[in-house]
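Got a predicted structure plus its sequence, pasted below:
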Amino acid sequence: MKVYLIHHCAALTVEQDPERHLSPLGCTQADRLGARFKAAGIAPARILHSDKQWTSETGARIAGVLGLEDRTEIAGYPVNTGDPVGPFIDEINNGEGDVMMTGHVDYLIRTASKMLCGDEAAQAVSFKPDFGTVFCLEGEGKDWTLKFGWRQEHEAG
């Protein structure tokens, strides 16, 4: 099984848009991620996100490029900064098929660290410097490896 942890793409500030839709740059970032996934033949069974507009829109744009619009959904448990990662990891271990999570950086870092090292505080990955970064983990149960990481600047130029 593969798990794709995606830091949401760039959003407008609350002053620019109280709902915080993706910025034009964020739309480009999400579309670029979708195109890269499509070129690699990636087709997850589920594309999960938090209840925030910018994570939902990131997942929806990626799904749109992949032709998988029917596979996006709000996670059935809180996935915001500071929320427990256990429910997501339980879903991964009990689910069938690959899963993407478009979410918040702290939550994603703690999820990857727990899966890779067994310790949320280990910080096994870093989503810096910016939005639209993805890490792919592969494995099952407590046996996970980091398959790849991709940052937006890898496509710049």
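Received, thanks.

now Val125: how far from Met115?
Here Val125 is placed at a distance of 10 Å from Met115 (Cβ to Cβ, to the nearest Å). C-beta coordinates here come from the backbone N, C-alpha and C atoms, glycine included.

And the two? Which one has more around it.
Neighbours were counted for Val125 and for Met115 using other Cβ atoms under 10 Å; Met115 has more, 25 against 19.

Spit out the contact partners of the nearest residue to Phe131 once chain neighbours are set aside.
Distance criterion Cβ to Cβ, 6 or more residues apart in numbering; nearest residue to Phe131, sequence neighbours excluded, is Ala10 at 4.5 Å. Applying Cβ atoms under 8 Å, 6 or more residues apart in numbering, we find Ala10 in contact with 22-23, 25-26, 29, 130-132.

which strands and helices sit next to the lengthiest helix in the chain?
Across the chain, the longest stretch assigned as helix under DSSP state H is helix 24-39. Under the contact criterion of 3 or more Cβ pairs under 8 Å, 6 or more residues apart in numbering; DSSP states H and E, helix 24-39 touches helix 53-66.

So which residues make contact with the helix it packs on?
6, 8-9, 11, 19-22, 26-27, 30-31, 33-35, 37-38, 42-43, 47-50, 69, 71-72, 74, 100, 102-104, 132.

Show me what Glu73 is bridged to.
Leu48 (DSSP bridges).

in the protein, which ranges drop under the pLDDT threshold?
For the chain, applying pLDDT under 70 flags the ranges 153-157.

Helices of that one, residue ranges please.
24-39, 53-66, 86-94, 105-117.

could I get these as TSV with distance to Thr145?
Listed next are the helices of the chain as TSV, based on distance: least, Cβ to Cβ, whole Å:
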stretch	distance to Thr145
helix 24-39	19
helix 53-66	23
helix 86-94	14
helix 105-117	7
